[in-house]
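Novice: Below are the sequence and a predicted model for it; my questions follow.
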Amino acid sequence: MKKLKSIIASPYFITFLFVFKMAVYYSLINVNRMEIVMIVLSLIVWAAIFTCFGRSGIKGKRGIFLTVYFLLSLLMFADTMYYNYYNQTVSIRQLWQAKSVTAVPQSFLATMIPASFLLFLDIPFAYYSFRKYTSKEILKKIYPWRKLKYVLYLLTAIILTLMVNPFHSAAIERVNSMEFFTSHVTDIYETISENLDQEQMKEDEILEVLDEVTPEATVQTAVPQYQGIGKGKNVLVVQLEAVQDFVIGAEYNGQEITPNLNRLIEGDTLYFNHYYTNTGKGNTADAEFSSMNSLYPVDDGESYRLFQDNTFHGLPWLMREQGYYAFAIHGFEGTFWNRENAYPNQGFQDFYSMEDLNQDEMIGMGISDKSMFHQLVGILQKQTTPFFTFAITLSNHHPFHIDEQYRTLTLKEEDKETKYGDYLESVHYTDEAIGALISELKSAGLYENTVIAFYGDHHGLNCGMDEVMDQMNAFLGRTYDYDEMLNVPLIINVPGSGVNKTIATTGGQVDFMPTIANIMGLKLDQTFTVGQDLANATEGFVAFTTYLFEGSFATNDIIFQISREGIFEGSRAWKIGTNEEVDVSKYKAEYDKAILLKTTSKEILEQNMIADFITHEQQ
């Protein structure tokens with residue numbers, strides 16, 4: 001027993017556990033290159049921390065050590081969870097997100113990786129060793145040469161210098177972006193630097209950029225196609241939770257996954273099959289923000305919180321100017337994603353949330369899609385003026401667990417109790433709810449006079465998950481990559497128009513507002529937009545914010561993924577739908593355009609520029 005205690009308290013054993021901890025961490029965030037270098041760097045910083053705690057002047061150093069080391073381990077744990085969903089580690093800018101993430105406990109728990117708990121394994125052993133030996137004694141046992149501690153000081157100083165990367169080295173940038181200590185210290189440094197030294201673009205520069213990088217939005221034929229085909233009709237926009245485009249028109253095990261959406265597409269409908277999510281860290285909330293305003297969300301947090309007091313002139317306001325009653329409805333809490341506070345300035349006159357609706361049927365985190373749609377039709381029947389309604393579905397929310405009674409898709413045995421199988425069942429349920437909605441609108445005499453637009457907000461199945469990858473590869477017959485993962489449907493049904501077309505021009509949620517505006521015969525004068533009317537555009541383009549790092553984009557032909565380090569060198573690009581790699585060096589201009597679009601959109605928001613052009617009489 002005494003020998004066992006001696007082994008457990010041994011600095012060599014603690015060092016082994018720490019190396020194991022870092023190996024687990026880098027494995028969970030998929031770091032394959034330079035992993036050994038990173039572990040060595042982490043050990044150097046770790047040794048320096050021990051040395052600092054070894055100074056005799058620090059009181060309560062054991063308690064301080066335990067607290068600091070636990071917090072560092074907790075940050076590693078958060079990194080692995082965040083990476084499992086967003087494919088990137090946590091930034092100090094995302095501290096705000098903790099409340100929103102934990103507000104949906106089912107989804108929060110589903111993102112946990114059991115192996116992540118190994119990151120806490122060494123803490124009690126390290127604390128026991130720290131109680132038994134002073135850190136000086138530990139260092140002497142590990143590093144027998146007395147002068148080595150000065151080498152540690154020097155190396156630590158060099159590492160801190162490299163964090164700043166004064167030579168702008170690509171290799172150093174890669175280490176800074178992936179090594180645990182340097183990446184987080186660099187993130188804190190950059191965040192503070194940006195807040196202290198904020199350089200703003202001038203208004204004339206922003207207007208010039210809008211003219212240069214979004215010419216497709218303004219250069220149109222004398223009479224654009226489909227202009228005004230929905231003029232005077234009601235408008236119902238439905239944002240579909242986690243619905244991806246691959247399910248549209250597809251069959252699984254001899255069954256249509258989305259039969260009701262498929263039938264809708266066969267009617268008086270424009271279907272955009274190369275439509276991409278361009279959400280930020282606000283996810284669902286950013287999807288609707290971008291769709292309503294034709295602006296890109298920022299990477300620092302959800303736009304509904306950061307810019308809730310800004311002036312906007314998006315679709316709700318444009319429809320209100322035409323005499324429409326604009327309201328939103330969602331089957332979850334009104335405070336979620338700060339909707340209650342943000343919606344008035346977005347132009348919505350009313351918001352029906354869970355608290356305002358009959359909670360007669362609950363699925364997952366809130367009111368079922370079928371119940372929400374049924375209650376929505378009741379609200380619409382009471383309207384005496386044209387309406388612009390924004391509805392958000394919920395039942396297909398991660399982790400896609402629905403009760404047995406709602407599962408009507410027959411799964412193969414090997415797909416049962418898998419995320420892939422759960423997703424297909426959940427999507428199928430949402431499609432059933434859409435079928436019920438269409439039937440009720442027809443029964444209420446509302447369908448023929450209502451333009452109905454459906455679009456997906458973001459992905460449901462992450463291509464970074466091995467189990468999902470294997471099943472999706474088999475389903476698609478090719479590698480499941482970001483061109484499929486980020487592809488969501490846009491379906492615009494205009495009853496009585498006689499229009500039926502599938503449009504393959506690449507676009508994103510920033511293009512929703514200009515596209516609907518054309519269909520409804522609206523003018524976008526004096527409105528800041530970075531999207532284009534996809535029904536008339538020929539050259540498609542969309543920039544990405546999350547999942548693929550800033551600088552990534554898609555055109556009609558290819559998708560470009562900026563390197564994980566955020567630099568052009570080492571990036572990849574491939575043809576959409578084929579996985580065929582292409583030469584990234586040919587796309588530097590498009591990369592610059594993506595950065596410029598995102599920067600310009602951010603400046604519009606941070607400077608609240610729309611307020612200089614628009615004054616709303618009724619807020």
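Specialist: Done, it's in.

Novice: What are the boundaries of the helices in the stretch 351-500 of the chain?
Specialist: 369-381, 419-443, 466-476, 482-485 (DSSP state H, counting those that start in this stretch).

Novice: would a markdown table of these with mean neighbour count be doable?
Specialist: Any C-beta I mention is one placed from the backbone N, CA and C, and that applies to glycine too. Conversion of those to a markdown table gives the following (neighbours: other Cβ atoms under 10 Å):
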| stretch | mean neighbour count |
| --- | --- |
| helix 369-381 | 20 |
| helix 419-443 | 22 |
| helix 466-476 | 16 |
| helix 482-485 | 22 |
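
Novice: out of those helices, which comes closest to Phe77?
Specialist: helix 466-476 (20.0 Å; Cβ to Cβ).

Novice: Just name whatever secondary elements that closest one is in contact with.
Specialist: Counting contacts by 3 or more Cβ pairs under 8 Å, 6 or more residues apart in numbering; DSSP states H and E, helix 466-476 is packed against helix 419-443.

Novice: by contact count, what packs against the helix it packs on?
Specialist: strand 234-240, helix 259-266, helix 369-381, strand 450-456, helix 466-476.

Novice: re the thing from before, worst average pLDDT in the helices of the stretch 351-500 of the chain?
Specialist: Lowest mean pLDDT within the helices of the stretch 351-500 of the chain: helix 466-476, at a mean of 93.

Novice: Which residues does that one contact?
Specialist: 246, 252, 415, 418-420, 461-463, 479-480, 484 (Cβ atoms under 8 Å, 6 or more residues apart in numbering).

Novice: Apply 6 Å and report the result again.
Specialist: 419-420, 461, 479-480 (Cβ atoms under 6 Å, 6 or more residues apart in numbering).

Novice: which one of the helices and strands packed on helix 419-443 lies closest to Asn341?
Specialist: Evaluated with Cβ to Cβ, the helices and strands packed on helix 419-443 place strand 234-240 nearest to Asn341, the distance being 19.0 Å.

Novice: Okay, now the sheet partners of that closest one, with direction.
Specialist: Strand 234-240 has its sheet partners listed here by DSSP bridges as strand 387-392 (parallel), strand 450-456 (parallel).

Novice: Need the CA coordinates for it. CSV is fine.
Specialist: Only the C-alpha atoms of strand 234-240 are listed here, as CSV (Å, rounded to 0.1, in the frame of the first residue of the first chain):
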residue,chain,number,x,y,z
ASN,A,234,-50.6,36.6,-47.4
VAL,A,235,-47.1,35.4,-46.6
LEU,A,236,-46.2,32.4,-44.3
VAL,A,237,-42.5,31.8,-43.8
VAL,A,238,-41.7,28.6,-42.0
GLN,A,239,-38.1,28.0,-40.7
LEU,A,240,-37.6,24.3,-40.5
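
Novice: Tyr455 touches Ile492, doesn't it?
Specialist: No. The pair Tyr455 and Ile492 fails to qualify as a contact (Cβ atoms under 6 Å) at a distance of 8.7 Å.

Novice: In terms of neighbours, single out the busier of these two.
Specialist: Between Tyr455 and Ile492, counted using other Cβ atoms under 10 Å, Ile492 has the larger neighbour count: 28 against 23.

Novice: Export the helices and strands packed on helix 419-443 as JSON lines, with columns for distance to Asp300.
Specialist: Output for those, formatted as JSON lines (distance: least, Cβ to Cβ, whole Å):
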{"stretch": "strand 234-240", "distance to Asp300": "22"}
{"stretch": "helix 259-266", "distance to Asp300": "34"}
{"stretch": "helix 369-381", "distance to Asp300": "31"}
{"stretch": "strand 450-456", "distance to Asp300": "24"}
{"stretch": "helix 466-476", "distance to Asp300": "28"}
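
Novice: for the stretch 201-350 of the chain, what spans make up the strands?
Specialist: Taking DSSP state E, counting those that start in this stretch, the strands of the stretch 201-350 of the chain run over residues 234-240, 251-252, 255-256, 269-276, 325-330, 350-352.

Novice: among those strands, which is nearest Thr505?
Specialist: Among the strands of the stretch 201-350 of the chain, the nearest to Thr505 by Cβ to Cβ is strand 269-276 (6.6 Å).

Novice: elements contacting that closest one?
Specialist: strand 487-493, strand 501-503 (3 or more Cβ pairs under 6 Å, 6 or more residues apart in numbering; DSSP states H and E).

Novice: residues making contact with it?
Specialist: Contacts of strand 269-276 (Cβ under 6 Å, 6+ apart): 265, 486-488, 490-493, 501-504, 506-508, 534, 542, 554.

Novice: ok, now with 8 Å
Specialist: By Cβ under 8 Å, 6+ apart, strand 269-276 touches 226, 245, 248, 265, 455-456, 486-494, 499-509, 511, 519, 534-535, 540, 542, 544, 554, 556, 576.

Novice: Now that strand: average pLDDT?
Specialist: 98.

Novice: strands paired with that strand, and their directions?
Specialist: By DSSP bridges, strand 269-276 pairs with strand 487-493 (antiparallel), strand 501-503 (parallel), strand 507-508 (parallel).

Novice: what comes into contact with the second one?
Specialist: Contact partners of strand 501-503, identified using Cβ under 8 Å, 6+ apart, comprise 265, 270-273, 534-535.

Novice: Distance of Thr277 relative to Phe512?
Specialist: According to Cβ to Cβ, to the nearest Å, Thr277 stands 11 Å off from Phe512.

Novice: Serialize the contacts of helix 466-476 to a markdown table and add fields for distance to Glu550.
Specialist: Below are these laid out as a markdown table (distance: Cβ to Cβ, whole Å):
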| residue | distance to Glu550 |
| --- | --- |
| Lys419 | 28 |
| Tyr420 | 29 |
| Leu461 | 23 |
| Thr479 | 24 |
| Tyr480 | 23 |
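
Novice: Please work out which of the helices and strands packed on strand 269-276 is packed deepest.
Specialist: strand 487-493 (a mean of 25; mean count of other Cβ atoms under 10 Å).

Novice: chain center to that one: distance?
Specialist: 18 Å (Cα atoms, centre = their mean, to the nearest Å).

Novice: Likewise for stretch 472-479?
Specialist: With Cα atoms, centre = their mean, you get 23 Å for stretch 472-479.

Novice: pull the CA atoms of that stretch into PDB?
Specialist: Extracted in PDB, the C-alpha atoms of stretch 472-479 (Å, rounded to 0.1, in the frame of the first residue of the first chain):
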ATOM      1  CA  MET A 472     -24.400   9.100 -44.600                       C
ATOM      2  CA  ASN A 473     -21.700   7.900 -46.900                       C
ATOM      3  CA  ALA A 474     -23.700   4.700 -47.500                       C
ATOM      4  CA  PHE A 475     -26.900   6.700 -48.000                       C
ATOM      5  CA  LEU A 476     -25.400   9.200 -50.400                       C
ATOM      6  CA  GLY A 477     -23.100   6.800 -52.200                       C
ATOM      7  CA  ARG A 478     -20.200   9.300 -51.700                       C
ATOM      8  CA  THR A 479     -18.300  11.100 -49.000                       C
END
